[in-house]
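Enquirer: Sharing a model that was predicted from the sequence below.
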Amino acid sequence: MLNVGIIGCGSIARQRHAAEYKHNENTNIAGVFDVSRERAESMAADFGGKVYESAEALIADPSIDAVSVCVANAYHEPITIDALNHGKHVLCEKPMAITLAECEAMYEASQKNGMRLLIDHNQRLTPAHKKAKEIIASGELGRVISFSATFGHKGPEMWSADKSSNTWFFKKNAAAFGSMADLGIHKIDLMRYLIGADVKNVFSRMATLDKKFPDGTPIEVDDNSVEILTFDNGALGTVTTSWTHYAEECNASTLYCEKGTIKLYQDPTYSLQIVYADGTKVNYQLDRIQTNDDKQQTSSGTIDLFVDSILTGKPSVLDAADIIKSMRVVFACLESADSGRIVDL
């Protein structure tokens with residue numbers, strides 16, 4: 001039985017991490033911490049565990065085996081490294097960290113201490129995405145020529161714990177990034193995972209089009225973005241992100257291959273659809289993509305994978321060693337948006 005601690009008790013911690021640890025027979029939620037004592041006490045009351053006075057105190061407790069890091073982006077690196085140095089396995093929320101140097105330092109700390117470090121890129125684990133990966137890898141549809149991927153919703157203030165437009169997601173010092181890294185990292189990483197190649201260069205445009213703080217001033221990070229990615233195997237496509245999809249959420253992808261097209265999460269019934277070059281259509285009713293509006297969240301598979309990776313020592317598709325490659329693309333996109341130029345990786 002693994003004793004786990006959860007650092008940060010916001011919505012993602014409550015609806016994903018705590019809920020999934022609670023349903024894993026190999027874990028016990030032993031402790032929680034949040035800068036809001038009230039939030040920590042509420043989560044402990046619902047899921048169990050001791051409420052710690054600080055993240056450092058939870059990490060220093062020798063009875064804790066592993067931790068979930070669910071705090072604002074700017075604090076991922078120091079808390080993760082502290083936990084790894086104290087002999088804890090770590091599951092860190094995305095984006096991994098706010099600079100490439102921080103990402104590399106986190107990975108190096110995991111290697112130095114012999115601890116597992118996974119990053120919560122749960123889109124790699126959805127049934128439709130796993131099946132699409134299998135189909136592409138088989139060569140059945142030939143190579144991926146081009147793609148488009150979109151992730152947009154109403155914005156983090158609609159879902160975060162405080163339900164306020166004063167959320168840390170909108171502040172540069174805490175979030176560092178906007179919709180591109182919050183949502184785009186999922187799609188950038190997913191395209192790398194599905195296509196099975198790395199990104200060669202990027203061109204990115206980011207903008208703050210609508211989101212405002214309570215006083216009416218624009219937020220400090222982007223609320224919309226478009227990225228053009230060229231892969232080293234020749235595949236070319238776009239990733240589009242938005243925090244201003246007010247009517248309905250979109251979390252869809254299309255991959256155009258030599259012998260057909262793969263459509264992901266575009267139909268309410270069929271999460272994976274294939275249209276072959278001869279017009280034949282095959283529909284897979286595998287699952288339904290989770291949205292922020294869902295009252296009943298189902299298992300993402302992330303916690304089960306994290307726990308299994310600790311208990312068995314087996315590599316996982318969420319290991320930091322590979323996720324860093326997706327983060328390199330994110331930082332290249334930021335550079336491109338700032339410079340207005342194509343950036344090579």
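Expert: Yes, it's here. All figures in this text were calculated on a predicted structure; none of them were measured in a lab.
Enquirer: The longest helix anywhere in the chain packs against which elements?
Expert: What stands out as the longest helix in the chain, according to DSSP state H, is helix 320-339. Judged by 3 or more C-beta pairs under 8 Å, 6 or more residues apart in numbering; DSSP states H and E, helix 320-339 is in contact with helix 100-113, strand 117-119, helix 185-195, strand 199-207, strand 224-231, strand 343-344. In this view, the C-beta of every residue, glycine as well, is placed from N, C-alpha and C.
Enquirer: Going by neighbour count, which residues of it are buried?
Expert: For helix 320-339, burial by neighbour count (16 or more other C-beta atoms under 10 Å) applies to 320, 322-324, 326-334, 336-337.
Enquirer: Roughly how far does residue 226 sit from residue 241?
Expert: 8 Å (C-beta to C-beta, to the nearest Å).
Enquirer: Have a look at the two and say which one is more surrounded.
Expert: The neighbour comparison of residue 226 against residue 241 (other C-beta atoms under 10 Å) goes to residue 241, with 28 against 19.
Enquirer: Does that one touch residue 177 like I think?
Expert: No. Using C-beta atoms under 8 Å, residue 241 makes no contact with residue 177, being 10.3 Å away.
Enquirer: thinking again about what came up before, out of the helices and strands packed on helix 320-339, which gets nearest to residue 22?
Expert: Evaluated over the helices and strands packed on helix 320-339, closeness to residue 22 peaks at strand 117-119, with 18.7 Å, by C-beta to C-beta.
Enquirer: average pLDDT for the closest one?
Expert: Mean per-residue pLDDT for strand 117-119: 98.
Enquirer: For the helix or strand just after that strand, which outside residues touch it?
Expert: Following strand 117-119 in sequence order, the next helix or strand is helix 127-138 (DSSP states H and E). Helix 127-138 has contacts (C-beta atoms under 8 Å, 6 or more residues apart in numbering) with 123-124, 141, 144, 190, 193-196, 255, 257, 262, 264-265, 271-272, 274, 284, 286-287, 289.
Enquirer: Are any of those residues buried, and if so which?
Expert: Here, 16+ other C-beta under 10 Å leaves 123-124, 141, 144, 190, 193-195, 255, 257, 262, 264-265, 271-272, 274, 284, 286-287, 289 buried among the contacts of helix 127-138.
Enquirer: secondary structure class for the residue of the chain positioned farthest from its centre?
Expert: The outermost residue of the chain, judged against the average C-alpha position, is residue 278 (36.0 Å), by C-alpha atoms, centre = their mean. Under DSSP: H, G, I helix; E, B strand; the rest coil, residue 278 falls in the coil class.
Enquirer: Please apply the same query to residue 45.
Expert: Going by three-state DSSP: residue 45 is helix.
Enquirer: if I look at it, how far off is residue 51?
Expert: Residue 45 is 9 Å from residue 51, by C-beta to C-beta.
Enquirer: So if I had to pick from the two, which one is more boxed in?
Expert: Each of residue 45 and residue 51 has its neighbours counted (other C-beta under 10 Å); residue 51 has more, 18 against 10.
Enquirer: Dig out what that one forms beta bridges with.
Expert: Counting by DSSP bridges, residue 51 forms beta bridges with residue 32.
Enquirer: Give me the domain ranges for the chain.
Expert: Segmentation of the chain into domains, based on automatic domain parsing, reads 2-122, 123-299+319-344.
Enquirer: Please identify the most buried of those.
Expert: Stretch with highest mean neighbour count among the domains of the chain: domain 2-122 (a mean of 20; mean count of other C-beta atoms under 10 Å).
Enquirer: Let me see the confidence value for residue 158.
Expert: 81.
Enquirer: err, residue 184, not the other one
Expert: 96.
Enquirer: ok, now residue 168?
Expert: Taking residue 168 on its own, its pLDDT is 89.
Enquirer: mind checking how far it is from residue 95?
Expert: For residue 168, the distance to residue 95 - C-beta to C-beta - is 14 Å.
Enquirer: same deal with residue 73?
Expert: Taken as C-beta to C-beta, the span from residue 73 to residue 95 is 6 Å.
Enquirer: Show me whatever sits in contact with both of the two.
Expert: 177, 181.
Enquirer: got the contact list for the residue lying closest to residue 221 once chain neighbours are set aside?
Expert: Closest residue in space to residue 221, ignoring its immediate chain neighbours: residue 178 at 3.1 Å, by C-beta to C-beta, 6 or more residues apart in numbering. Residues in contact with residue 178 (C-beta under 8 Å, 6+ apart) are 169, 170, 206, 208, 219, 221, 222, 223, 225, 243.
Enquirer: Out of those, which is nearest to residue 311?
Expert: Distances from residue 311 to those, taken by C-beta to C-beta, are shortest for residue 169, at 33.6 Å.
Enquirer: quick check, that closest one in a helix?
Expert: Yes. Under three-state DSSP, residue 169 sits within a helix.
Enquirer: Now do the closest residue to it other than its chain neighbours against residue 244, distance only.
Expert: The shortest distance from residue 169 to any non-neighbouring residue, by C-beta to C-beta, 6+ apart, is to residue 156 (4.0 Å). Taking C-beta to C-beta as the measure, residue 156 falls 12 Å from residue 244.
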